[in-house]
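Q: Everything below, folded, please.
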Amino acid sequence: MLTVKCRRIVWVAAIAASFASPAFPQSAIQARLVGAPMVAESEKWIVGGALAYATIKGSFNQYNISSAHSGEGVVAMEGSDWSAFAAYGDIAVIYAERNAKGQGEAYVIEPNSGSFTDSIHSITFSQRERELSLRWLARRMTTRFFTPYAVAGYTETKFEQSELINVGGGTGGGVRQFSYAYKGALAGIGAIAPLGERYGFRGQGALKFYRGTIRENGAVRSSAEGTGIGTDFFVSAYANVLVPKYITAEVGYRRYTLEGSSEADVTRNVLFATLGLTYRF
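A: Numbering: from 1, shown residues only. Sure, this is the predicted structure:
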């Protein structure tokens, strides 16, 4: 019995050691890490940019001035993104801009109805995101499996929502125009998990501290201004193609929420594909 217990202790210790100490030389671990997007070698520079295509599915809820649920809707959009970055060692500065357009439907509770089905509004959307962030790569905390990092910055999302109001099965109710704006700071953490020098995974989660404003037909409603905390996370797989460490392809999934107004909450689900070009010196 004692021998069995000793064997178990040795087995557990061996597993713990495999996590605590790298199975590869440090140089090999760093070589795998710098194959990831926007990662520079120690005390060296990397600059670059990327273009992306995205498909977006979203939903939203609307509330009246009494905070009662007054409507909900769905939207489908397609978008084109671009980003640029510069990094030295463990520090990277990243700017990203994302644009999308699409259509959807809003199911609105009409007065004295209590039902979402009496008025279905056709919607057109246009959206723009801008984000400037600073990323610190915790290279000294690198394990054989991943390297963590922290990110902080400023984010801004604006979108226009035009509703064609249907009345009695027709479209004689006119058009309502909404403008949404969410601005604020962001803070989050992430990790890069290389599987080799040319491919791997990465993921990130962040909180966004928004101040939100909604305008209807150009006028700000007093109840439509406020603050809230949104969430934003993504996971992706990347690979260096054609020329190792200079051209990077990436595909992934992103989900985020926009909070900051008492009259709406917004959710977006995104599938994206990115092609990036980098230069190291």
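
Q: going forward, measure contacts between C-alpha atoms and count neighbours the same way
A: Will do.

Q: Okay, buried residues for stretch 249-269 please.
A: By neighbour count with 16 or more other Cα atoms under 10 Å, stretch 249-269 contains the buried residues 249-269.

Q: Strands of the stretch 101-250 of the chain, residue ranges please.
A: Assigned by DSSP state E, counting those that start in this stretch, the stretch 101-250 of the chain shows strands spanning 119-137, 147-164, 175-194, 199-216, 219-220, 226-240, 247-261.

Q: okay if I get the ones you listed as TSV plus mean pLDDT and distance to G102?
A: Supplementary listing: the strands of the stretch 101-250 of the chain in TSV, determined by pLDDT from 0 to 100; distance: least, Cα to Cα, whole Å:
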stretch	mean pLDDT	distance to G102
strand 119-137	89	5
strand 147-164	92	10
strand 175-194	91	15
strand 199-216	91	19
strand 219-220	58	24
strand 226-240	93	21
strand 247-261	90	17
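
Q: As CSV, those strands with distance to V93 would be great.
A: Converted to CSV, the strands of the stretch 101-250 of the chain look like this (distance: least, Cα to Cα, whole Å):
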stretch, distance to V93
strand 119-137, 5
strand 147-164, 9
strand 175-194, 14
strand 199-216, 16
strand 219-220, 34
strand 226-240, 18
strand 247-261, 18
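
Q: Quick one, which of those strands gets closest to I94.
A: I94 lies closest to strand 119-137 among the strands of the stretch 101-250 of the chain, at 5.3 Å (Cα to Cα).

Q: in its sheet, what does that closest one sit against?
A: strand 91-108 (antiparallel), strand 147-164 (antiparallel) (DSSP bridges).

Q: can you put the ones you listed in TSV and add mean neighbour count and distance to T231?
A: As requested, the strands paired with strand 119-137 are exported to TSV (neighbours: other Cα atoms under 10 Å; distance: least, Cα to Cα, whole Å):
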stretch	mean neighbour count	distance to T231
strand 91-108	19	17
strand 147-164	19	12
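
Q: Dump the ones you listed into a markdown table; add distance to Y182 as well.
A: As requested, the strands paired with strand 119-137 are exported to a markdown table (distance: least, Cα to Cα, whole Å):
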| stretch | distance to Y182 |
| --- | --- |
| strand 91-108 | 14 |
| strand 147-164 | 5 |
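
Q: what helix or strand does the closest residue to L51 other than its chain neighbours sit in?
A: Residue nearest to L51 in three dimensions, not counting chain neighbours: W82, with 4.5 Å by Cα to Cα, 6 or more residues apart in numbering. Secondary-structure assignment from DSSP states H and E places W82 in strand 69-88.
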